[in-house]
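**Q** Please find the sequence and the predicted model below.
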Amino acid sequence: MNIKKCILCSLIVISASLSGCLSEDEEELEKFPSFNLSDEQGNSHKNSNYNGQPFVAYFSASWCSHCKPVLQALDDTVPTGQLIVFNKEPREEYSDMNEWKDRMEEELERNLSHPFIHAPPLSQSLNVTGIPTMFFVNSEGFIENSMSGVKDKEMIQDYWNELS
């Protein structure tokens with residue numbers, strides 16, 4: 001009887017110590033929410049436009065002066081057609097995407113080929129609170145990484161390279 005208890009206890013201890021080794025603890029990725037929104041020029045953008053290629057969803061606000069270096073780093077890193085600039089600010093006085101894009105082009109001294117989209121409901125669905133916030137979305141539409149706050153260009157490049 002004691003031998004059976006010892007064997008049983010030994011099996012429990014061994015199985016508990018191997019539990020992480022026998023199964024993969026993969027983190028389940030979150031799907032980027034569906035959207036169908038118009039950019040500053042009235043062009044429609046939706047998830048299906050990005051099927052098969054990774055993209056970065058960048059959330060900010062037109063009044064955010066400390067966000068400009070992040071947009072510059074993203075523009076330097078992410079290819080045309082794979083960066084979407086979303087406005088999370090719901091107030092009407094900050095909803096003019098043409099004005100925001102023009103100001104950013106002037107301040108960054110470059111043309112920006114990325115769409116600027118007013119998207120407060122989308123930012124709410126992703127629980128975006130701080131700005132800037134970036135979501136690195138893989139070619140299957142799943143969020144691989146996200147980060148908030150001012151980040152350096154090297155970190156942004158590393159996250160982008162993981163998608164490519």
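**A** Structure's in. What do you need?
**Q** Pretty sure W100 sits in a helix.
**A** Yes - applying DSSP: H, G, I helix; E, B strand; the rest coil, one finds W100 inside a helix.
**Q** residues contacting it?
**A** E40, S62, N87, Y94, F116 (CB atoms under 8 Å, 6 or more residues apart in numbering). No exception for glycine: its C-beta is placed from N, CA and C like everyone else's.
**Q** Quick check: it vs S62, distance?
**A** Using CB to CB, to the nearest Å, we find W100 at a distance of 4 Å from S62.
**Q** Let me know the secondary structure of the residue most central in space within the chain.
**A** Nearest to the geometric centre of the chain sits F135, at 0.3 Å (CA atoms, centre = their mean). What three-state DSSP gives for F135 is strand.
**Q** beta partners of it?
**A** In this entry, F135 is beta-bridged to A57, S146, by DSSP bridges.
**Q** Now do L163, the pLDDT please.
**A** Looking at L163, its pLDDT is 86.
**Q** what number of residues lie near it?
**A** 17 (other CB atoms under 10 Å).
**Q** What of T77?
**A** For T77, using other CB under 10 Å, the count is 18.
**Q** pretty sure it contacts D158?
**A** No - using CB atoms under 8 Å, T77 makes no contact with D158, being 9.7 Å away.
**Q** and K31, how far is that from S164?
**A** Distance from K31 to S164, by CB to CB: 20 Å.
**Q** Can you tell me how far the residue nearest to the centre of the chain is from N127?
**A** When F135 is compared with N127 (using CB to CB), they lie 11 Å apart.
**Q** same check, this time on I143
**A** 12 Å.
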